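**Q** can you look at this prediction? I've put the sequence above it.
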Amino acid sequence: MAGYNTNEFRSGLKIMLDGDPYTIVENILVKPGKGQAFSRVKIRNLKTGRVVDKTFKSGDSVDAADVMEVDMQYLYADGEDWHFMDQNTFEQHAANKVAVGDAALWLKEQDICVVTLYNGAPLSIQPPNFVELKIVETDPGLKGDTATGGIKPAYLETGAMVRVPLFVDQGESIRIDTRSGEYVSRAKDS
Amino acid sequence: MSQSGLIKTLKLRAELLAAVRSFFAQRSVLEVETPVLGTTAVTDPNIQSFVVADDNKPPRYLQSSPEFFMKRLLVDGAPDIYQITKAFRQAEAGARHNPEFTLIEWYRREFDLAQISQETAELVQQLLLIREISLPIQRISYRAACQQMLGLDLIEQSLQSLIQLATKQGLVAADKLPRAALYDFIFDQAVVAHLPQDVIHIVEYYPAEQASLAQLSQADAQLAERFEIFAGGFELANGFLELRDAEEQRQRFQQDVQIRSQQGLPAVAIDETFIAALQQGLPACAGVALGLDRVHLIAAQVESLDQLLPFPWSAL
């Protein structure tokens, strides 16, 4: 793939460094009045999620990373992989446990997710910000039970555990914010 | 910028300029004006000058500093002089850099490094007081600053050791850089970044590789008679006990020319009229360039030049 010169650096650019793909979070020009100019960048490793500070000599080049973010529909899980489909090309991609990570807690069939592809293969999955999932197991909330602070644990169809208000029952669908893993409300068509 | 923000920044700039003029009037330093358009660029490989077309004649160059013309004035008999002028450098745009910026540059006959650096720090101190920012002045040598922040003397380190240090600090491809560039990176990243911000620091006696147009120290050939001023996390000024030896100056320019060629940078001719002036005899003097926009940033307590320049580069 092509490369980028430091004067092309900007937030969101995908580059290769030490064999890993990174995205540039921030780029600053650093230059003493009578000295070498540098580009100081904050970059996030797309494999590990770690953010590091690196500096490049101005004018140097880095390899571009073959990284793309594509909206795909989640189809199903077969016990080993999670399968997604690019709705424009109808191409299917299989993402393994490492790529799916915590997103597995929130994946519901037919939901549209953001799939980060690295060299054509899924690197990470981002579920939609909000998802509606069915509670498969929770204790009935006893009226007047204030000892627990008005909440109880509930297990969802994906295996995720979420704390819900006492009035929510087994069998109901609830809306969850996938970024915090928290109950938002009952689902609209519950 | 809001209207009230605009008025504030215009007023502060006007007050800063008036204070600069008053400072030098009190010291009997004469204000001068020299050409902004010259026939050569500077050989410094780290500076790219803007080229100005002049019909069918050879192009001219916007100055990156008024240094050469001001030194020629001194050769021709001028007394102590100062100038408030615009300087221009290609590709330097950022929160702290605008390709067009305001420099205050001055020269003092018979001053040594201690005197010129003290005077510069005092000017900065007075300018910041305009907005009630009162900062003390502290003096430290380059070596001592490194010792304090890094626990070692950068100048004593082997090239390999500097490369390792720079790599640890996050510099990519450090092994491709010369000593001077490694000094630039390490010093900025690991020393300047940790200098207390509420002090005006005079950092004096830079490594000889970074002498630029300063004399080498007679006491220690590894050091140059060069200082810089730092305050509020910013590099504000750079000054020298000026090099007077025409041959040594020509050699340094020739090294620059070689580096430009090696790095594939545009070729720049050596300014022969400047060398000729040195041959005629530059009086013993010390000089300094102070970035007024940076002082303005600190006085206005803003982070970025966009917030104080009415017409920043990117918005033009």
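**A** Alright, I've got the coordinates.

**Q** now check stretch A:49-65, is it near chain B?
**A** Yes: part of stretch A:49-65 sits near chain B under the criterion C-beta under 8 Å from any C-beta of the partner chain, namely A:52, A:53, A:54, A:55, A:56, A:57, A:58, A:60, A:62. The C-beta positions use only the backbone N, C-alpha and C, and glycine is treated the same way.

**Q** determine which two of those are furthest apart.
**A** Pairwise distances across the residues of stretch A:49-65 next to chain B (C-beta to C-beta) peak at 19.3 Å, for the pair A:52 and A:58.

**Q** higher neighbour count, the two?
**A** Between residue A:52 and residue A:58, counting by other C-beta atoms under 10 Å in any protein chain shown, residue A:58 is the more crowded of the two (19 against 14).

**Q** tell me the mean pLDDT over stretch A:22-36?
**A** For stretch A:22-36, the mean per-residue pLDDT is 91.

**Q** ditto for stretch B:134-141
**A** For stretch B:134-141, the mean pLDDT works out to 98.

**Q** cool, and stretch B:147-154?
**A** Stretch B:147-154 carries an average pLDDT of 94.

**Q** tell me what the longest helix along chain B is packed against?
**A** Using DSSP state H, we find that the single longest helix of chain B is helix B:3-26. Secondary-structure packing of helix B:3-26 (3 or more C-beta pairs under 8 Å, 6 or more residues apart in numbering or on different chains; DSSP states H and E): strand B:30-31, strand B:81-88, helix B:113-129, helix B:292-300.

**Q** could you look up the SS state of residue B:71?
**A** helix (DSSP: H, G, I helix; E, B strand; the rest coil).

**Q** contacting residues around it?
**A** B:107, B:242, B:274, B:277, B:278, B:282, B:287 (C-beta atoms under 8 Å, 6 or more residues apart in numbering or on different chains).

**Q** returning to what we had before: pLDDT of the longest helix of chain B, averaged?
**A** Mean predicted confidence for helix B:3-26 is 97.

**Q** now do that helix: distance to the chain's middle.
**A** Computed by C-alpha atoms, centre = their mean, to the nearest Å, the chain-centroid distance of helix B:3-26 equals 21 Å.

**Q** what angle do it and helix B:292-300 make?
**A** Counting by axes from the mean of the first three to the mean of the last three C-alpha atoms, to 10 degrees, helix B:3-26 lies at 120 degrees to helix B:292-300.

**Q** could you pull out the strands in the stretch 101-250 of chain B for me?
**A** Assigned by DSSP state E, counting those that start in this stretch, the strands in the stretch 101-250 of chain B fall at B:137-141, B:200-207, B:223-231, B:234-241.

**Q** reformat these into JSON lines and put mean neighbour count and distance to residue B:188 next to each item.
**A** As requested, the strands of the stretch 101-250 of chain B are arranged in JSON lines below (neighbours: other C-beta atoms under 10 Å in any protein chain shown; distance: least, C-beta to C-beta, whole Å):
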{"stretch": "strand B:137-141", "mean neighbour count": "16", "distance to residue B:188": "16"}
{"stretch": "strand B:200-207", "mean neighbour count": "23", "distance to residue B:188": "12"}
{"stretch": "strand B:223-231", "mean neighbour count": "25", "distance to residue B:188": "10"}
{"stretch": "strand B:234-241", "mean neighbour count": "24", "distance to residue B:188": "8"}
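
**Q** re earlier: nearest to residue B:48 among the contacts of residue B:71?
**A** Nearest to residue B:48 out of those is residue B:274 (C-beta to C-beta; 18.8 Å).

**Q** look up which helix or strand that closest one falls in, please.
**A** Per DSSP states H and E: residue B:274 is located in helix B:272-281.

**Q** contacts for that helix next, please.
**A** Here helix B:272-281 makes contact (C-beta under 8 Å, 6+ apart) with B:68, B:71, B:72, B:75, B:244, B:245, B:246, B:249, B:250, B:253.

**Q** can you tell me which of the residues you listed are buried?
**A** B:68, B:71, B:72, B:75, B:244, B:246, B:249, B:250, B:253 (16 or more other C-beta atoms under 10 Å in any protein chain shown).

**Q** relative to residue A:5, how far out is the last one?
**A** When you say that, I think you mean residue B:253. Counting by C-beta to C-beta, to the nearest Å, the gap from residue B:253 to residue A:5 is 28 Å.

**Q** from the chain's centre, how far out does stretch A:16-28 sit?
**A** 18 Å.

**Q** buried sites along it?
**A** A:16, A:17, A:21, A:22, A:23, A:24, A:27.

**Q** how close does the second one sit to chain B?
**A** When distances are taken as C-beta to the nearest C-beta, to the nearest Å, residue A:17 and chain B turn out to be 7 Å apart.

**Q** that residue is in contact with residue A:55, isn't it?
**A** No: Residue A:17 is beyond contact range of residue A:55, at 11.8 Å (criterion: C-beta atoms under 8 Å).

**Q** now the common contact residues for the two.
**A** Residues within reach of residue A:17 and of residue A:55 at once, by C-beta under 8 Å, 6+ apart, are residue B:172.

**Q** contact residues of chain B facing chain A?
**A** By C-beta under 8 Å from any C-beta, the residues of chain B that approach chain A are B:44, B:46, B:91-97, B:169-173, B:176-177, B:180-181, B:183-185, B:187-189, B:210, B:212, B:228, B:235, B:238, B:289, B:291.

**Q** ok, and the closest non-adjacent residue to residue B:102?
**A** Distance criterion C-beta to C-beta, 6 or more residues apart in numbering or on different chains; nearest residue to residue B:102, sequence neighbours excluded, is residue B:292 at 4.3 Å.

**Q** so that neighbour is in contact with residue B:20, correct?
**A** Yes: taking C-beta under 8 Å as the definition, residue B:292 is a contact partner of residue B:20 at 7.5 Å.

**Q** identify the residues contacting the closest residue to residue A:114 other than its chain neighbours.
**A** In space, residue A:114 comes closest to residue A:126 once its chain neighbours are excluded; the distance is 4.1 Å by C-beta to C-beta, 6+ apart. The neighbourhood of residue A:126, defined by C-beta under 8 Å, 6+ apart, consists of A:103, A:113, A:114, A:115, A:116.

**Q** which of the three states applies to the third one?
**A** Meaning residue A:114. At residue A:114 the chain is in strand, as set by three-state DSSP.

**Q** bridging residues for it?
**A** residue A:71, residue A:126 (DSSP bridges).

**Q** before we move on, back to that, from the contacts of residue B:71, which is closest to residue B:118?
**A** Proximity of the contacts of residue B:71 to residue B:118 (C-beta to C-beta) peaks at residue B:287, which lies at 14.3 Å.

**Q** wait, isn't residue B:182 in contact with residue B:162?
**A** Yes: taking contacts as C-beta under 8 Å, residue B:182 lies within contact range of residue B:162: 4.4 Å.

**Q** most centrally placed residue in chain B?
**A** Residue closest to the average C-alpha location in chain B (C-alpha atoms, centre = their mean): residue B:238, at 3.8 Å.

**Q** ok, back up a step: between residue B:292 and residue B:20, what contacts are shared?
**A** Contacts common to residue B:292 and residue B:20, judged by C-beta under 8 Å, 6+ apart, are B:84, B:104.
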